[in-house]
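predicted model, plus sequence, below.
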Amino acid sequence: MVADQPISQEAVSAAVKALGLEHPTSPSSGGRFESEQMAQILALLQTLKTSVADLKEEVAGISTKVTAQGEELKAAVVDVPTHFPYDSISEVKRRAETIEATVLRLRTDIEGRDYKEHLTGLQEALRDTRESLMSGLPQSMSQSK
C-alpha cells in the first residue's frame, strides 16, 4: 500500500518549497534546518499520504459498491416480465365489451321502436291523404268541366 512506503527526500524538498519554508541546504538557513521542523514536515507529509491512501480505499470501496448496485439493478430490470398478467385487464375489457354490446342492442331496439311508431304514423297519414285525394279527385274533375 502507498501509505506504508517511506517518504523520499525529494517529497520533503517539494513540500518545503510548497510551504514556503527554507530548504535545509539553502544559503539563508546557513546550511542548517532544525530537526523539529523537519520532523513536523515529515509528520504532515505522512499524515497527508495516509489520508490520501484512505481516501483512495474509500473511493475504491464506493466504486465497487456502486458497480454491484448497478449490476443488481440491471439484473432486476432484466427480470421484469415483458408481459404483465392481463387476466384482470382482460376481465375488465370483457365486461366493458359486454356492456357496450348490451347498450348497442338496447339503443337499436329503442330506435327501432321509435321509428316503427313514427313510420306507422307516416304510413297512416299517407293512406289518409291518398284516400282523400282519390275520393276528392273525381269530384274536382267533374266541377272543373
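Received, thanks.

packing partners for the helix or strand of the chain with the lowest mean pLDDT?
Ranked by mean pLDDT, DSSP states H and E, the weakest helix or strand in the chain is helix 9-19, scoring a mean of 71. On a contact count with 3 or more CB pairs under 8 Å, 6 or more residues apart in numbering; DSSP states H and E, helix 9-19 meets helix 35-79. Glycine gets a C-beta too; all of them are placed from N, C-alpha and C.

and the helix it packs on with helix 9-19, angle?
Angle between the axes of helix 35-79 and helix 9-19 is 100 degrees (criterion: axes from the mean of the first three to the mean of the last three CA atoms, to 10 degrees).

what's the offset of helix 35-79 from the middle of its chain?
Once both centres are worked out by CA atoms, centre = their mean, to the nearest Å, helix 35-79 turns out to sit 32 Å from its chain's centre.

give me the distance between the residue most central in space within the chain and Lys93.
The centroid of the chain falls nearest to Val77 when counting by CA atoms, centre = their mean (13.1 Å). Going from Val77 to Lys93 by CB to CB, to the nearest Å gives 28 Å.
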